[in-house]
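**Q** my questions concern the predicted model and sequence given below.
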Amino acid sequence: MIRFGPSGIPLSCKGRTLEDGIKDVHKLGLNAFEVQFLRPKVRTRPVEEEEVGLKAKEVPDKFVIGVNKGRDYREIFVEDLDKELQRGDMLHSITGGVAKEFHKFPRLAKLSKELDVEMSLHTPYYIELSEKDSEPVEKSKRAFKYGGVMADQLEAETIITHLGLRKEDQAEDYLESSAVENLRELRDWISENCETDMKIGLETQTGEDVFGNLDETLEICSQVSGTIPVINFAHIKAEEVYPLEDEEDFAEIFDLCKKFISDEFYVTFSGVEKRRRDECRMTPIKRGDLQFEDLVYHLIRMDDNVTIISTSPLKEHDAMYMKVIFERIYSREIGKELRREDE
């Protein structure tokens, strides 16, 4: 099955809530939705009188990440959420963005299944997993875990992350070993703390100061079970290692990734314009250098499940455009096959 959907709440969605977004995706004839959890902010405040005696996870309308007697939340997380709140406790919660709807997530998980909208979640873009024992890495791990809890409550099948940055003085084997070590820790944490059997998707990147191009991503996947490559075709095109100029070029990418896929490929697609060396811009599909039709011909010939997320500036509009192009070409190819059988 080929699924299409937007990255983030549709631009045309009037309500601007995650619930409205899921319903709108379904109404638009789409069946995938990548939730964007991009800028987590932690708010710390004293427990209020009416909250005394509640369990931390029972506090309404909050995504509580921990409770203690002070303001430092960096060393606490899920293990504190079953304790009863007392006077003098400090409550730490994530605010802003989709986190404000966290109390609805179990119901939204049920809604998405009823509407056959497959959910996934993208962690913040600043995630740094390609070094060791630094505050950016620890901050990234915390943000990833927040995303893991949210994805678990949404029963999302994939949580997507980037690998991090590349500094001039860091050797390739250091970047690789750091990413492997950090991802294994996060994978084990998810296994221990989340009920949903979710995969960690590593999104391919481009840029001289970024770690995680296609080849590097595949190498990490080979060393960390439970991870899959998230194929960002715009980034692959921009890097100019794989040309992506015809159906065979797209087939090569799928072949490289196939051994890491158990049930479904995860793809992101948009237009892309290469502006100058090491700089590119995501564009609407019609304006970019990538030809979606070339990908469609390969999708028709392959016998695999694929989720395709529109990361175009036009979000759901280009998701629907891709769906229309796919159905048009698919119908035409089926017609040709039937005519050949009749001859």
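**A** Right, received. Where do you want to start?
**Q** could you pick out the longest helix of this structure?
**A** Using DSSP state H, we find that the single longest helix of the chain is helix 316-342.
**Q** which strands and helices lie in contact with that helix?
**A** strand 2-6, helix 292-301, strand 305-310 (3 or more CB pairs under 8 Å, 6 or more residues apart in numbering; DSSP states H and E). Every residue, glycine included, has its C-beta placed from N, CA and C.
**Q** flag every buried residue along it.
**A** E316, H317, D318, A319, M320, Y321, M322, K323, F326, I329 (16 or more other CB atoms under 10 Å).
**Q** re the thing from before, which of the helices and strands packed on helix 316-342 is buried the deepest?
**A** Comparing those by mean neighbour count (mean count of other CB atoms under 10 Å), strand 2-6 ranks first with a mean of 25.
**Q** low-scoring stretches of the chain, by residue?
**A** Scanning the chain for pLDDT under 70 picks out 76-81, 275-279, 342-343.
**Q** mind listing the helices for it?
**A** Under DSSP H, the chain gives helices at 18-27, 105-114, 135-154, 172-193, 214-223, 233-239, 247-257, 292-301, 316-342.
**Q** domain parsing for this structure?
**A** 2-39+100-342, 41-95 (automatic domain parsing).
**Q** which of the helices of the chain is buried the deepest?
**A** Greatest burial across those, using mean count of other CB under 10 Å, falls to helix 233-239, with a mean of 24.
**Q** am I right that D289 is in contact with K274?
**A** Yes - counting by CB atoms under 8 Å, D289 touches K274, with 7.0 Å between them.
**Q** just checking, L30 touches P6?
**A** Yes - with contact defined as CB under 8 Å, L30 reaches P6; the gap is 7.1 Å.
**Q** shared neighbours of these two, anything?
**A** E316, A319 (CB atoms under 8 Å, 6 or more residues apart in numbering).
**Q** contacts only, for K132.
**A** Taking CB under 8 Å, 6+ apart, one finds S178, E181, N182 in contact with K132.
**Q** I'd like the distance between I309 and S222.
**A** Plainly put, I309 is 24 Å away from S222 if you go by CB to CB, to the nearest Å.
**Q** now do A234
**A** 24 Å.
**Q** for E195, give me phi and psi.
**A** phi -90, psi -30 (degrees, to the nearest 10).
**Q** quick one: it and D152 touch, right?
**A** Yes - if you go by CB under 8 Å, E195 and D152 touch, sitting 6.1 Å apart.
**Q** need the contact list for I94.
**A** Here I94 is in contact with P40, K41, V42, R43, F63, I65, F102, Y146 (criterion: CB under 8 Å, 6+ apart).
**Q** what about 10 Å?
**A** 37, 40-43, 62-65, 100, 102, 143, 146-147, 149-150 (CB atoms under 10 Å, 6 or more residues apart in numbering).
**Q** can you check D133 too?
**A** S178.
**Q** phi, psi of it?
**A** The phi/psi pair for D133 (degrees, to the nearest 10) is phi 50, psi 50.
**Q** report the contact partners of the closest residue to L129 other than its chain neighbours.
**A** Spatially, and ignoring its direct neighbours in sequence, L129 is nearest to N182 (4.3 Å; CB to CB, 6 or more residues apart in numbering). Contacts for N182 (CB under 10 Å, 6+ apart) come out as 127-132, 137, 140-141, 144, 163-164, 224.
**Q** could you dump the residues you listed to JSON lines with distance to D263?
**A** Output for the contacts of N182, formatted as JSON lines (distance: CB to CB, whole Å):
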{"residue": "I127", "distance to D263": "25"}
{"residue": "E128", "distance to D263": "30"}
{"residue": "L129", "distance to D263": "25"}
{"residue": "S130", "distance to D263": "28"}
{"residue": "E131", "distance to D263": "32"}
{"residue": "K132", "distance to D263": "32"}
{"residue": "V137", "distance to D263": "31"}
{"residue": "S140", "distance to D263": "28"}
{"residue": "K141", "distance to D263": "27"}
{"residue": "F144", "distance to D263": "23"}
{"residue": "L163", "distance to D263": "23"}
{"residue": "G164", "distance to D263": "27"}
{"residue": "V224", "distance to D263": "18"}
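**Q** and the residues you listed, which is closest to K259?
**A** V224 (13.9 Å; CB to CB).
**Q** next one: the closest one from Q291, what distance?
**A** 33 Å.
**Q** got it, and L85?
**A** In terms of CB to CB, L85 sits 57 Å off from Q291.
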